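K.L.:
Okay, predicted coordinates and the sequence, questions at the end:
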Amino acid sequence: QVQLVESGGGLAQAGGSLRLSCAASVRLFSQYQMGWFRQVPGKERAFVAGLDWNGRSTLYADSAKGRFIISRDNSKNTVTLDMSSLKPEDTADYYCAARASYSNIVSQSRDDYDFWGQGTQVTVGA
């Protein structure tokens, strides 16, 4: 069982930055591929960014490319999403997810992720 707890959400101005963190309670964090998803009311949860078990392979949604950076620290069981140049359309609930996989091919399908956090809200003002 993996428990994931997100933090760092809040209110930001357009053009600003936020850092989201996800802390994992698990014995072998390094065996998990990690991802960030986001969801707005009435829409499906959408992939934002993900990385493989050692952080060498990353994948970003087109909306995140060039603005967001995902990273992980396996010694601290954490994954971070650094968001910059924020836009009002980035407003959503952001979820951290874990997938038990040593593959270096990062999945962007929410169905492939086994564990989810409770989410953290991000609001970007115009």
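P.N.:
It's in. Numbers count the residues shown, from 1 in each chain.

K.L.:
Excluding chain neighbours, what is closest to Asp93?
P.N.:
The spatially closest residue to Asp93, leaving aside those adjacent along the chain, is Gly119, at 4.3 Å (Cβ to Cβ, 6 or more residues apart in numbering). Heads up, the C-betas are built off the backbone N, CA and C, glycines and all.

K.L.:
ignore the last one, Ser25
P.N.:
With Cβ to Cβ, 6+ apart, the residue lying closest to Ser25 is Gln3, at 4.1 Å.

K.L.:
How many neighbouring residues does that neighbour have?
P.N.:
Gln3 has 12 neighbouring residues, counting by other Cβ atoms under 10 Å.

K.L.:
wait, isn't it in contact with Val26?
P.N.:
Yes: under the criterion of Cβ atoms under 8 Å, Gln3 makes contact with Val26 at 7.3 Å.

K.L.:
what's around the closest residue to Phe29 other than its chain neighbours, how many residues?
P.N.:
Spatially, and ignoring its direct neighbours in sequence, Phe29 is nearest to Asn77 (4.3 Å; Cβ to Cβ, 6+ apart). Close neighbours of Asn77, defined as other Cβ under 10 Å, add up to 19.
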